[in-house]
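*Asks:* Sharing a model that was predicted from the sequence below.
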Amino acid sequence: MPEGDTLHRTALRLRPLLAGRLVRALDLPRRGERVTSVIGKRVESVEARGKNLLISFDDGLVLHTHMKMNGVWRGYGPGERVPGVSGNVVVVLEVDGAIAMCWSAPIVRLIRASDVDRDPHLAGLGPDPIATSFDPDEAMRRLRALDHAPLGVALMDQRAIAGIGNVWKSELLFEHRLDPFAPVARFGDDELRALLATAERRMRGGFARGTRPQRVYGRQGEPCPRCAHAITMERQGDMRRSTYWCARCQPPRVEAPA
Ligand SMILES: [Zn+2]
């Protein structure tokens with residue numbers, strides 16, 4: 001499942017293939033659209049922001065894709081076999097010497113670079129733990145603004161922290177033995193700061209290595225690696241996102257710490 005670490009790795013892979021190259025074609029097959037205005041322009045940058053990928057062109061346009069649950073980008077350099085354009089392909093970007101393709105991203109749009117900072121999908125994003133600019137104090141302030149939301153829902157709210165999905169949410173809360181279902185208000189500043197510090201460390205590690213801890217995620221019914229109690233999955237929030245947790249290691253938080 002694409003989360004912030006996946007997107008940062010995607011940007012890392014695509015950047016050397018695309019940045020600085022001239023665009024030969026940009027097709028959006030699902031819409032049957034060929035974007036001719038960027039042909040002959042240069043790719044300026046490839047950047048991940050939370051679960052979004054932004055590819056900027058030097059004419060001031062930005063291709064914004066959001067991966068949601070299943071979106072994926074792949075890049076192909078000289079001599080690499082490029083797959084055919086199947087029904088799930090949503091972007092084909094060809095530059096001098098390389099092709100990048102995106103499958104299944106539900107959000108694919110071209111916006112103006114000057115509009116990014118007030119774009120409804122991008123402007124409100126919280127600090128991204130993998131970005132060098134990560135500001136834990138700002139992330140903390142934004143988590144506290146969601147004091148009434150269950151911690152497991154607030155952690156995945158991209159306006160608080162950008163890039164955390166079901167996997168990181170489940171693993172981080174398990175590591176810190178925190179109840180996913182209690183509202184943020186029931187956790188102390190020290191606990192939340194420690195959680196954010198772990199998010200930064202673990203997600204950067206996941207980005208560097210291309211792996212994630214998976215001690216509880218996807219392991220419903222298996223024994224907890226700490227206490228052997230069966231791991232549970234429950235759907236959470238308006239989006240019904242899956243949270244995996246150990247009811248013994250992460251006991252209900254019934255009141256705020258004194
Ligand atoms: Zn346990």
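*Replies:* Happy to help now that I have it. Owing to the predicted nature of the structure, the values given are computational and were not obtained by experimental measurement.
*Asks:* Smallest gap between the stretch 1-150 of the chain and the ion, at which residue?
*Replies:* Residue nearest to the ion within the stretch 1-150 of the chain (C-beta to the ion): P150, separated by 19.4 Å. Every residue, glycine included, has its C-beta placed from N, CA and C.
*Asks:* any idea how far L7 is from that residue?
*Replies:* 25 Å (C-beta to C-beta, to the nearest Å).
*Asks:* So for those two, which residue has more residues nearby?
*Replies:* Neighbours were counted for P150 and for L7 using other C-beta atoms under 10 Å; L7 has more, 28 against 18.
*Asks:* quick one on the thing from earlier: apart from its neighbours in sequence, what residue is nearest the residue of the stretch 1-150 of the chain closest to the ion?
*Replies:* Closest residue to P150 apart from its sequence neighbours, by C-beta to C-beta, 6 or more residues apart in numbering: F181 at 5.1 Å.
*Asks:* Give me the local confidence score for that neighbour.
*Replies:* With respect to pLDDT, F181 scores 97.
*Asks:* Touching, the residue of the stretch 1-150 of the chain closest to the ion and A182? I think so.
*Replies:* Yes: when contacts are counted by C-beta atoms under 8 Å, P150 is listed as touching A182 (6.6 Å).
*Asks:* Would you mind listing what in the stretch 101-250 of the chain touches the ion?
*Replies:* Within reach of the ion by C-beta under 5 Å from the ion, the stretch 101-250 of the chain has these residues: 224, 226-227, 229, 246, 248-249.
*Asks:* Quick one: residues contacting the residue of the stretch 1-150 of the chain closest to the ion.
*Replies:* 180-184, 236-237 (C-beta atoms under 8 Å, 6 or more residues apart in numbering).
*Asks:* Please produce a PyMOL select command covering the buried subset of the residues you listed.
*Replies:* To isolate the buried ones among the contacts of P150 in PyMOL, judged by 16 or more other C-beta atoms under 10 Å, type:
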select buried, resi 180+181+182+183+184+236
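*Asks:* Name the nearest of the contacts of P150 relative to the ion.
*Replies:* P180 (13.4 Å).
*Asks:* Count the residues that sit near the nearest residue to that closest one once chain neighbours are set aside.
*Replies:* Ranked by C-beta to C-beta, 6+ apart and with sequence neighbours excluded, the top spatial neighbour of P180 is G152, at 3.2 Å. Residues near G152, counting by other C-beta under 10 Å, number 26.
*Asks:* Can you pull out the residues in contact with the helix or strand harbouring G152?
*Replies:* Using DSSP states H and E, G152 sits in helix 151-154. Contacts with helix 151-154, where a contact means C-beta under 8 Å, 6+ apart, come from 143, 146, 160, 169, 173, 178-184, 187, 236-237, 241, 243.
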